[in-house]
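Novice: Predicted model follows, preceded by the sequence.
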Amino acid sequence: MGLKRVTQRGALHLSLIVIVVWSVLPLLWTFQTSIKFTRDVASRVPVLWGYDTTAAAYRAYWFDDQTTNMWQVLLVLLVSIALITSLAIVSRRSKRPWIWHLLVVASIIASLAYVSRSFDTSDQFRFLINSLVVTVATICVSIGIGLFGGYGLARYSGKSGAGILIAALAFRALPRFAFVLPFFIIAKYLGLLDSRAVIVLALVAVNQPFTIWMLRTFFLEVPKELEEAAMMDGATRLQAFLRVVIPTMKPGIIATSLFTLLLAYNEFLFVRVLAPTNWTLPVGIVALAGGESSKGIAEAAAAAVSITLPIVVVIVLFQKHLVKGLGTGAVKG
Amino acid sequence: MDRRSFTFFVLPSVSVMTMLMVVPLGTTIWLSLTDLLLRDLDNSSFIGLANYSEVLRDPAFWRATRFTLAFVAITVPIEMTLGITFALLLDRVGRGRSIYLAAILLPFIVTPVVGTLLFRNLFSRGGLVSWLIELVTGTPFVIDGSNVRFLIMLHAVWHVTPFAFVAVFAGLQTLPQERVEAAAIDGGKFREIFWHVTIPHLKSILFFVAIISIMDSYRVFDSVFVFAGNRFDDSHTLSVYNSVVALDAKIGRLGKGHAIAVLTVIGIFAALVPFLVRSYKEQIADRT
């Protein structure tokens, strides 16, 4: 390798490292804050290394009873998650793996509910459960409906299909305030304010245009001959769709689910308007982050890290699908 | 597929969008013509276009409009330029790609209100960047009305750039290598290849990213609300201004709030109509 190539490679990696620092520094700094003692948080000159660490801020965020043994809670959670995951791995040969995946998610929520009942957890722990329930429900409903719509739009060649697609694109552009106030008024009259159902409904609605567009592009990649062959063998179109087409759509379903997950988990405005008390994590952290005291800053930092961690895990696991999803969606869209 | 099965398949999606988007939108338009108040939802009367003329004479509305447009015009081009740059750089890396990729994607998945908090921690007293600025200039950085707009935009660039990046990066993976090599053999410099081969290949992706980013930046709410919500009135975007008018416990004017929402919708549609017409024609052309 020539000297010139070595310097080029060095410059390339150097610039990428600068980009990585720009991307991760905000989170790293807040992570540091979250594990510091208040005297170090309060220091005007940042304490960058050599400080003692503490989990006090995390305890303050998740529990009302500050003597709770967090390790005990973590152990309960880890054991249940390990049991659930091994169950999922054993059941992998099942014909309908998605039933098992849903079961795993439901068990994780159930074990969190168990922890919240047996320990003196804070409101934020309740918001975590709300966040998970709302996110999972939004994904299921929105993909469940969107698969039908996306398939219809991919296979039908009439003009009304184009009309629906363009209307959906126009809806994608609307600001939240075009819907949220009527939602609020209607939910109030129906007594649904503060329920998770109304948040899920609102999220499914705003997410539907994007969902059908993205799923449609994935359906376009599935060859027509596949379902035509099944229909020749006597299956109805619905049967062909459910038994032959859907099983080939796994990458598309995962990619669309990831974007839906980000939308639902991160939503702030709908929850703030439609749920006076029964919040999800983003509204919870904003209520918490107003304080200027060092203790408050550390607790908000712990909150920020705690909220970010679950999505980081999910996205790292499915990173490839995210990239591929955007690639497919963008090229054809 | 015949028309009947098409109707069957799209019915759930279309009814969700009709009931939960078209109907609320119609309600919004209707209520914008009334004097509905947050604290008294049972009584309201029809007042015609009075809310609209009030909004259009409200200096806060024009301030919010100016800042929203400036926000879109400044952040979207920066995000796209940075996204393309990051993607071109990463595309040249062989080993270690997925680690770089994960790190660059991180800001995209961080919840916007959380990301705002991360930036506040860096820039407030005792924060790393605030301290670095003090080292250089002698005075510590304090978030105030004069710089909060800069922080709002900085956070937006941090949060949205990975979206442009990942779309362009995915597009580069399908760039036909023969054409790049052919251009290189013809003696093309990097810049020529970039403008004549890479950019044309990415055209539809860049268009897609630009449209999505413009839509999302135009209605930006979360981060601006947290940064400037009740402290810096002159750094409100249209959505935040809308929320203050409609939902503030003391003001709570739903009628006027609905009028602002309708005007915001008209604004984005005015910008998007040429694009929507073009997409519709493309869709029709694809079908014949």
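Specialist: Here it is on my side, so go on. Residues are numbered from 1 along each chain as shown, chains lettered A, B, ... in the order given.
Novice: Identify the residues contacting the residue nearest to B:L11 when sequence neighbours are not counted.
Specialist: In space, and not counting its chain neighbours, B:L11 is closest to A:F148: 7.8 Å by CB to CB, 6 or more residues apart in numbering or on different chains. Yep, even glycine has a C-beta here, placed from its N, CA and C like the rest. By CB atoms under 8 Å, 6 or more residues apart in numbering or on different chains, the residues touching A:F148 are B:9-13.
Novice: in the helix or strand harbouring A:F148, what counts as buried?
Specialist: Here A:F148 sits within helix A:123-155, counting by DSSP states H and E. Neighbour-count burial for helix A:123-155 flags A:124-143, A:145-155 (criterion: 16 or more other CB atoms under 10 Å in any protein chain shown).
Novice: low pLDDT regions in the chain?
Specialist: Went with chain A since none was named. A:1, A:92, A:291-292, A:327-333 (pLDDT under 70).
Novice: that's the other chain; I wanted chain B
Specialist: B:288.
Novice: on that earlier part again, would you write a ChimeraX line that selects the buried entries of the contacts of A:F148?
Specialist: To isolate the buried members of those in ChimeraX, using 16+ other CB under 10 Å:
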select /B:9,10,12,13
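Novice: and the longest helix along chain A with helix A:123-155, angle?
Specialist: The residue-count maximum for a helix in chain A (DSSP state H) belongs to helix A:294-332. Put simply, helix A:294-332 runs at 10 degrees to helix A:123-155, going by axes from the mean of the first three to the mean of the last three CA atoms, to 10 degrees.
Novice: mind listing what's buried in helix A:294-332?
Specialist: Quick answer for helix A:294-332 (16+ other CB under 10 Å): A:294, A:296-308, A:310-312, A:314-315, A:318-319, A:321-331.
Novice: ok, A:A298 to chain B distance?
Specialist: Computed as CB to the nearest CB, to the nearest Å, the A:A298 to chain B distance reads 10 Å.
Novice: For that residue, which non-adjacent residue is spatially closest?
Specialist: A:A57 (4.0 Å).
Novice: cool, A:Y61 as well?
Specialist: A:A302 (4.7 Å).
Novice: And B:F275, by the same measure?
Specialist: Spatially, and ignoring its direct neighbours in sequence, B:F275 is nearest to B:I211 (6.4 Å; CB to CB, 6+ apart).
Novice: can you pull the alpha-carbon coordinates of stretch A:295-303 into CSV?
Specialist: Extracted in CSV, the C-alpha atoms of stretch A:295-303 (Å, rounded to 0.1, in the frame of the first residue of the first chain):
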residue,chain,number,x,y,z
LYS,A,295,-30.3,16.5,41.6
GLY,A,296,-33.1,17.3,39.1
ILE,A,297,-30.6,17.5,36.3
ALA,A,298,-29.1,14.1,37.2
GLU,A,299,-32.5,12.6,37.4
ALA,A,300,-33.6,14.0,34.0
ALA,A,301,-30.3,12.7,32.6
ALA,A,302,-31.1,9.2,34.0
ALA,A,303,-34.5,9.5,32.4
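Novice: Check what contacts that stretch and list those residues.
Specialist: A:30-31, A:33-34, A:36, A:38, A:41, A:56-58, A:60-61, A:124, A:281, A:284-285, A:288-291, B:114, B:117, B:121.
Novice: how about 7 Å then?
Specialist: A:30, A:33-34, A:36, A:38, A:41, A:57-58, A:60-61, A:124, A:285, A:288-289, B:117, B:121 (CB atoms under 7 Å, 6 or more residues apart in numbering or on different chains).
Novice: what helix or strand does the residue of the stretch 101-250 of chain B found nearest chain A sit in?
Specialist: Of all residues in the stretch 101-250 of chain B, B:A170 sits closest to chain A, at 2.9 Å by CB to the nearest CB. If you go by DSSP H and E, B:A170 is part of helix B:148-172.
Novice: Next, the buried residues of that helix.
Specialist: With burial defined by 16+ other CB under 10 Å, the residues of helix B:148-172 counted as buried are B:148-149, B:151-172.
Novice: Stretch B:16-30 too?
Specialist: In terms of neighbour count (16+ other CB under 10 Å), stretch B:16-30 has its buried residues at B:16-17, B:20-21, B:24-25, B:27-29.
Novice: Please apply the same query to stretch B:113-126.
Specialist: B:113-124, B:126.
Novice: One more: stretch A:46-60?
Specialist: Those would be A:46-47, A:56-60, for stretch A:46-60 by 16+ other CB under 10 Å.
Novice: can you check stretch A:161-176 too?
Specialist: For stretch A:161-176, a neighbour-count test (16+ other CB under 10 Å) marks A:161-162, A:164-176 as buried.
Novice: and if you look at stretch A:61-77?
Specialist: Neighbour-count burial for stretch A:61-77, counted by 16+ other CB under 10 Å, picks out A:61-63, A:68, A:73, A:76.
Novice: one step back: tell me the angle the host helix or strand of the residue nearest to B:F275 makes with helix A:294-332.
Specialist: Assigned by DSSP H and E, B:I211 falls within helix B:199-218. Between helix B:199-218 and helix A:294-332, the angle comes out at 140 degrees (the same axes, to 10 degrees).
Novice: name the helices or strands packed onto the next helix or strand after helix B:199-218?
Specialist: Later in the chain than helix B:199-218, the nearest helix or strand by DSSP H and E is helix B:222-228. On a contact count with 3 or more CB pairs under 7 Å, 6 or more residues apart in numbering or on different chains; DSSP states H and E, helix B:222-228 meets helix B:112-123, helix B:148-172, helix B:238-247.
Novice: outside of helix B:222-228, which residues touch it?
Specialist: A:268-269, A:286, B:112-113, B:115-116, B:148, B:151-152, B:155-156, B:235-237, B:240, B:243.
Novice: got it, and stretch B:245-260?
Specialist: A:181, A:273, B:28, B:31-32, B:34-39, B:44, B:51-52, B:54-55, B:61, B:241-242, B:244.
Novice: Next, the contact list for the closest residue to chain B within the stretch 1-150 of chain A, please.
Specialist: Of all residues in the stretch 1-150 of chain A, A:G149 sits closest to chain B, at 3.0 Å by CB to the nearest CB. A:G149 is in contact with A:212, B:9-10, B:12-13, counting by CB under 7 Å, 6+ apart.
Novice: what do you get for A:A88?
Specialist: A:100, A:104.
Novice: And the next helix or strand past the host helix or strand of it?
Specialist: Here A:A88 sits within helix A:70-90, counting by DSSP H and E. Sequence-wise, the next helix or strand downstream of helix A:70-90 (DSSP H and E) is helix A:97-118.
Novice: Can you show me the CA trace of that next one as PDB?
Specialist: The C-alpha coordinates for helix A:97-118 follow below in PDB (Å, rounded to 0.1, in the frame of the first residue of the first chain):
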ATOM      1  CA  PRO A  97     -43.600 -17.300  14.600                       C
ATOM      2  CA  TRP A  98     -45.300 -13.900  14.900                       C
ATOM      3  CA  ILE A  99     -47.700 -15.300  17.400                       C
ATOM      4  CA  TRP A 100     -44.700 -16.200  19.600                       C
ATOM      5  CA  HIS A 101     -43.200 -12.800  19.100                       C
ATOM      6  CA  LEU A 102     -46.400 -11.100  20.300                       C
ATOM      7  CA  LEU A 103     -46.400 -13.500  23.200                       C
ATOM      8  CA  VAL A 104     -42.900 -12.500  24.200                       C
ATOM      9  CA  VAL A 105     -43.800  -8.800  24.000                       C
ATOM     10  CA  ALA A 106     -46.900  -9.400  26.100                       C
ATOM     11  CA  SER A 107     -44.900 -11.300  28.700                       C
ATOM     12  CA  ILE A 108     -42.300  -8.500  28.900                       C
ATOM     13  CA  ILE A 109     -45.200  -6.100  29.600                       C
ATOM     14  CA  ALA A 110     -46.700  -8.500  32.100                       C
ATOM     15  CA  SER A 111     -43.400  -8.900  34.000                       C
ATOM     16  CA  LEU A 112     -43.000  -5.100  34.100                       C
ATOM     17  CA  ALA A 113     -46.600  -4.900  35.500                       C
ATOM     18  CA  TYR A 114     -45.600  -7.500  38.100                       C
ATOM     19  CA  VAL A 115     -42.600  -5.400  39.200                       C
ATOM     20  CA  SER A 116     -44.800  -2.300  39.400                       C
ATOM     21  CA  ARG A 117     -47.200  -4.200  41.700                       C
ATOM     22  CA  SER A 118     -44.600  -5.700  44.000                       C
END
